[in-house]
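Participant: Give me a 3D structure for the following:
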Amino acid sequence: MGHLKSGGSLGENLESFSSLADGVHKGRVGTGFSLKEIKHGMASSHRVDCCHFSSDGKLLVTGGHDKKASLWCTKSFNLQSTLEEHTQRITDVRFCPSMFCVATSSADKTVKVWDVNN
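Facilitator: As a prediction, the model looks like this:
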């Protein structure tokens, strides 16, 4: 985990990172934890500004002021991996529904694509 995934330009991949790219919301309502728990309890002692669930609901990625993206198992609430390469706070995180990767954007003016399988 934590390896950058290369291939294609941001423009070629941008639409694939939108969970609503096809205009249809595919999420499910479930039980587990609140957004308040995500923001304060799960991720870190630093402020969490963004989060996104994988399309199957099994993983959650969070990002914020600690400059790291954290990948969580939604069943066990265990931290699966920490993605660290940004030099400033993370401003957004997104799972790609068609490939198993995560995109992170940062106040450092970079976008990174991470291969979740590594």
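Participant: ranges for the helices of the chain?
Facilitator: For the chain, the helices defined by DSSP state H cover 10-14, 35-36.
Participant: where among those helices is the average confidence lowest?
Facilitator: Among the helices of the chain, helix 10-14 has the lowest mean pLDDT, at a mean of 42.
Participant: if I look at residue 73, how far off is residue 47?
Facilitator: According to CB to CB, to the nearest Å, residue 73 stands 22 Å off from residue 47. C-beta here means a position set from N, CA and C on the backbone, and glycine is covered the same way.
Participant: For this protein, which segments count as strands?
Facilitator: For the chain, the strands defined by DSSP state E occupy 3-4, 48-53, 59-64, 68-73, 79-84, 90-95, 101-106, 111-115.
Participant: helices or strands up against the fifth one?
Facilitator: Applying 3 or more CB pairs under 8 Å, 6 or more residues apart in numbering; DSSP states H and E, one finds that strand 79-84 makes contact with strand 68-73.
Participant: Which positions within the strand it packs on qualify as buried?
Facilitator: 68, 69, 70, 71, 72 (16 or more other CB atoms under 10 Å).
Participant: would you turn the strands of the chain into TSV with mean pLDDT?
Facilitator: Output for the strands of the chain, formatted as TSV (pLDDT from 0 to 100):
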stretch	mean pLDDT
strand 3-4	48
strand 48-53	92
strand 59-64	93
strand 68-73	92
strand 79-84	92
strand 90-95	96
strand 101-106	96
strand 111-115	95
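Participant: Which stretch among the ones you listed is buried most, on average?
Facilitator: Across these, averaging neighbours per residue (mean count of other CB atoms under 10 Å) puts strand 59-64 on top, at a mean of 23.
Participant: what sits up against that strand?
Facilitator: Strand 59-64 has contacts (CB atoms under 8 Å, 6 or more residues apart in numbering) with 38, 42-44, 46-54, 69-74, 80, 89-95, 102, 104, 116.
Participant: Pull up the pairing partners for that strand, direction included.
Facilitator: Using DSSP bridges, strand 59-64 pairs in its sheet with strand 48-53 (antiparallel), strand 68-73 (antiparallel).
Participant: Could you dump the ones you listed into TSV with distance to residue 61 added?
Facilitator: Below are the strands paired with strand 59-64 laid out as TSV (distance: least, CB to CB, whole Å):
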stretch	distance to residue 61
strand 48-53	5
strand 68-73	5
